[in-house]
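# compute the structure for the input listed below.
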Amino acid sequence: MLVRCFILPRGIGHLVWILFFPCIAIATNATTFPHTVKIGALFSDEYITRYTDVLQQGVRKINTNHTDLGVVFHEPVVLPASANPVHVLSRVCNELIVNNVSAIIAISSEATLFSLSMVGDFLGIPIIGIGSRSFAFSNKDVHPMYLRLESSESFQSYAIKKVLERHGWFDFSIIASDHVDSLAFIQYLTNITTTSSKKWKIVNSVVFTHDKRDVNSKLTSVFDSKTRVFVLHATPEYASLLFKEAKDFGLMEEGNVWLVTENVVTGDPYYLKHYPEGLVGFRYINTHDTIPKLQDAVELLARASIKIPTNLKIESNRSCWSQPSKESVAYGTQYYSSLVNTSFQGHSGLISLDEYGNLNKAAFEILNSRQQGGRLAWRNIGSWSTEDFQLEGIQWPGNSSQLPLGINTEKIMIVANEEKPFIFENAPHDASHSCLTGVPCLKASNSDRADIERAFAAYEEPTVQSNYSDMKRCCSGLAVDLLEKLSDSVGFEYNLYLVADLNHGAKIGSGADDWNGMVGDLLRATADIAISSFSITAERSKVIDFTSPFFHSGFSTLVAKTQVEPQLDSFLAPLEWTVWILVFVTVNIVAIAITVFEWMSPYGLHPRGRNRNYTFGLPSALNIAFSILFSHTVKSKPPKCMTSRFLLNVWGAFSFIFFASYTANLAAFMAGQMSHLQIDGIQDEKFQQPGKLKFATQNSSSCENYIKANWFTMAKYMEQFNVADGDMAIHLLK
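As a prediction, the model looks like this:
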């Protein structure tokens, strides 16, 4: 600690003491000591001199720049790795462990690395391995202190997953030999597919031995499954036996897919003679040799050392034959954690480790087995890495260039929902249950695939009466025509059934598989494909995959069309009855007034008038008033009195206005008899005020889901009126 004090005059010093402190102590790095670490190394006999030189150069470089990294290495302890693991372990315990090494760098055989990892686990010493990519070292229950500057074989699982995903093969089978690495591969591929997403499904996961009878037994179960996509992990010896037997099952023919791991890929003609064409294999690309990795291992140890707390120490008398102290184990555990969480740009690229202690990067060639010059060879068709993926044209089994479906096309189970004009359902023609139009189908009573398959088996025996006879139907429509065309062009057969609950598919619970309708049947593997007037929604797209739409439509609103039978008094309907009474009262008043004015005038048509041969009476007035009112010309006696004539003209003007108004109202009334309710889209205010109008939609449809998501109150009101299908809706509107 370097202390710097400021000495002030007496008076001022007292003031500073009161307000602050008498002096300021500043700690500097002048006396900070770097971490000191001793590392051990185990190198194969063949390259021990070369590797030792590289290691010592790296140590000297770190020590020269210790002020930058804050660490100093002691002279490393290097041992040769012989072919005998027991002899190697003896020297490690007697020469490395007693020297209190903090970590060990090992470049040796897999057996030696395995044994060394056990010692590291017992004593709490991190082991940095270079060379082996075996699955086994990723098991942290067995190798908790082992890490490596190599990517694990498990990374090929990501490459395989990418190829499967690219072609839409989410259902597949895993076939593996009974080796430890194969079992680890099954577990890892399962973890990154089915465990991470519901859309993946491993149909079969079989492990076979080198016994021919066992191979045939396992292939039988694989052959009976619906998938025709196989992922194989085995040695070339086991793989050649499997391929030889698989040919008898027809699993090497067109329509099958075989993805094989790097263990299967071989150039040995002895095994290749049993390999088929069309395999897709993976081969690891080793981008750097051992020297850059060794240099990076030294730098990794140096960078991780400075993260270890200074209070952690290792005991000075460690031994393989006694239990290590808690302090030593804590030191080793902390050192391992620091190593795993350290990353930097090294000589071999970016050094970054995953949670299993593996280098977090990998690259693979993608290969295709093809006949070249009369023999089978592997051709490069692409590559995969943690940053990139490329794939060219593939030759599939059966020397086919057409992309296989990846499923057993013997019979595909397809679910549909009756929706005209896409799916029509009719009863069979006669007792033989034959279909004059359309294709045979079943109206399912449940979602049990086994039960539906039994029903189809019964359908194939038309003369036999069974428990499934009532389920037999004939289906036709646009969707059925599309299925027929697809089955002819692609080459598959199918069984078609109508969904039991009559729903397209809606979420009915909080679980991932809590769906009804066709979506539920797909998720439960009751059906392989669904087809109907099936809307693509965001919620459905999360759990199932859709093809490109074959028909585009939007939401439409149907309203009841009002039609009223004409009645005898319909002509009176445009006006209220009070208006008609007032009109007839008024016409009589006008007629009486005209008659009175005419008879009171000296010039009127009456007996007292001048030279009048005719008389204008009340009947004449009524006749002319009604004829003017209804714009009808009749022969009548016109009045002669000016007052009567003026009143008659006023009445004519009124009649003109009345008749025009009546005609307009009559036209509007007649048009109203054929009109319907006017709706201006889904946001019409009539829908936003539940109770004034009865309206509904189809249960479990995309329209219902859309309304629930945007207008909850409206959707809640509709639930009491919703219908099962479109036919019922039209019937209720009528």
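
# check whether residue 241 really touches residue 210, as I assumed.
Yes - if you go by Cβ atoms under 8 Å, residue 241 and residue 210 touch, sitting 6.6 Å apart. In short, each C-beta sits where N, CA and C put it, glycine included.

# okay, these two: which has more neighbours?
Using other Cβ atoms under 10 Å, the more surrounded residue of residue 241 and residue 210 is residue 241, with 21 against 14.

# the more buried one looks like it's in a helix, true?
Yes - counting by DSSP: H, G, I helix; E, B strand; the rest coil, residue 241 is part of a helix.

# for it, what are its contacts?
By Cβ atoms under 8 Å, 6 or more residues apart in numbering, the contact list for residue 241 reads 210, 212, 215, 274.

# most neighbours among those residues, which one is it?
Top of the contacts of residue 241 by neighbour count (other Cβ under 10 Å): residue 215, with 21 neighbours.

# count of neighbours near the nearest residue to residue 343 once chain neighbours are set aside?
Nearest residue to residue 343, sequence neighbours excluded (Cβ to Cβ, 6 or more residues apart in numbering): residue 352, at 4.0 Å. Using other Cβ under 10 Å, residue 352 has 15 neighbouring residues.

# go on, the one 10 residues further on?
In terms of burial, residue 362 registers 23 neighbours under the definition other Cβ under 10 Å.

# look up how far residue 156 lies from it.
Using Cβ to Cβ, to the nearest Å, residue 362 is found at 8 Å from residue 156.

# closest one of the contacts of residue 241 to residue 604?
Closest to residue 604 out of the contacts of residue 241 is residue 215 (128.4 Å), distances taken as Cβ to Cβ.

# hang on, the closest one in a strand?
No - going by three-state DSSP, the assignment for residue 215 is helix, not a strand.

# chain neighbours aside, what residue packs nearest to residue 355?
Spatial nearest neighbour of residue 355, chain neighbours left out: residue 340 (7.3 Å); criterion: Cβ to Cβ, 6+ apart.

# residue 296 versus the one you found, what's the distance?
Look at residue 340 and residue 296: by Cβ to Cβ, they are 14 Å apart.

# looking at the two, which has the bigger crowd around it?
residue 296 (24 against 19).

# who does the one helix or strand residue 175 maps to pair up with?
With elements taken from DSSP states H and E, the one containing residue 175 is strand 171-177. Paired strands of strand 171-177, with direction, are strand 201-208 (parallel), strand 229-233 (parallel) (DSSP bridges).

# could you verify my assumption that residue 659 touches residue 627?
No - between residue 659 and residue 627 there is no contact under Cβ under 8 Å: 11.8 Å.

# CA atoms only: put the strand holding residue 175 into CSV for me.
What follows is strand 171-177, C-alpha atoms only, in CSV (Å, rounded to 0.1, in the frame of the first residue of the first chain):
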residue,chain,number,x,y,z
ASP,A,171,-40.9,-37.4,-38.5
PHE,A,172,-38.0,-39.8,-38.7
SER,A,173,-36.4,-42.9,-37.2
ILE,A,174,-33.0,-43.4,-35.6
ILE,A,175,-31.1,-46.6,-36.1
ALA,A,176,-28.0,-47.1,-34.1
SER,A,177,-25.5,-49.9,-33.2
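
# after that strand, which helix or strand is next? Please name it.
helix 180-192.

# centre of the chain to that next one, how far?
Per Cα atoms, centre = their mean, to the nearest Å, the displacement of helix 180-192 from the mean C-alpha position of its chain is 24 Å.

# so what's residue 701 up against?
By Cβ under 8 Å, 6+ apart, the contact set of residue 701 is 504, 506, 535.

# by neighbours, which of those residues wins?
Using other Cβ under 10 Å as the neighbour criterion, residue 504 leads these with 26 neighbours.

# that one and residue 533, how far apart?
Using Cβ to Cβ, residue 504 is found at 8 Å from residue 533.

# likewise for residue 440?
Here residue 440 is placed at a distance of 21 Å from residue 533 (Cβ to Cβ).

# cool, residue 725 as well?
Residue 725 sits 11 Å away from residue 533, going by Cβ to Cβ.

# contacts only, for the closest residue to residue 166 other than its chain neighbours.
Leaving aside its sequence neighbours, residue 166 sits nearest to residue 391 (Cβ to Cβ, 6+ apart; 6.7 Å). By Cβ under 8 Å, 6+ apart, the contact list for residue 391 reads 163, 166, 366, 381-382.

# which two of the residues you listed have the greatest separation?
With Cβ to Cβ as the measure, no two of the contacts of residue 391 lie farther apart than 166 and 381, at 12.5 Å.

# between the two, which is the more surrounded one?
Between residue 166 and residue 381, counted using other Cβ under 10 Å, residue 381 has the larger neighbour count: 18 against 11.

# can you give me the buried ones in the helix or strand hosting residue 584?
Using DSSP H and E, residue 584 sits in helix 577-600. By neighbour count on 16 or more other Cβ atoms under 10 Å, the buried set for helix 577-600 is 583, 587, 590-591, 593-599.

# so what's the gap between it and the chain middle?
Going by Cα atoms, centre = their mean, where helix 577-600 is centred and where its chain is centred differ by 82 Å.

# now stretch 479-486
Centre-to-centre, stretch 479-486 and its host chain are 26 Å apart (Cα atoms, centre = their mean).

# equivalent analysis for stretch 47-57, please.
Offset of stretch 47-57 from its chain centre (Cα atoms, centre = their mean): 52 Å.

# now swap in stretch 380-391 and tell me
Between the centre of stretch 380-391 and the centre of its chain there are 23 Å (Cα atoms, centre = their mean).

# for that stretch, give the mean pLDDT please.
For stretch 380-391, mean pLDDT rounds to 91.

# endpoints of that stretch, how far apart?
9 Å (Cα to Cα, to the nearest Å).

# so the longest helix anywhere in the chain versus helix 577-600, what angle?
Secondary structure of the chain per DSSP state H: the longest helix is helix 642-672. Interaxial angle of helix 642-672 relative to helix 577-600 (axes from the mean of the first three to the mean of the last three Cα atoms, to 10 degrees): 160 degrees.

# please save the CA atoms from the helix or strand immediately after helix 642-672 in the chain in CSV.
Next in sequence after helix 642-672, counting helices and strands by DSSP H and E, comes helix 702-710. C-alpha atoms of helix 702-710 as CSV (Å, rounded to 0.1, in the frame of the first residue of the first chain):
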residue,chain,number,x,y,z
SER,A,702,-60.6,-19.1,-38.0
CYS,A,703,-63.4,-16.5,-38.1
GLU,A,704,-64.3,-17.3,-34.5
ASN,A,705,-60.7,-17.2,-33.4
TYR,A,706,-60.3,-13.8,-35.1
ILE,A,707,-63.3,-12.3,-33.4
LYS,A,708,-62.2,-13.7,-30.0
ALA,A,709,-58.8,-12.1,-30.4
ASN,A,710,-60.2,-8.6,-31.4
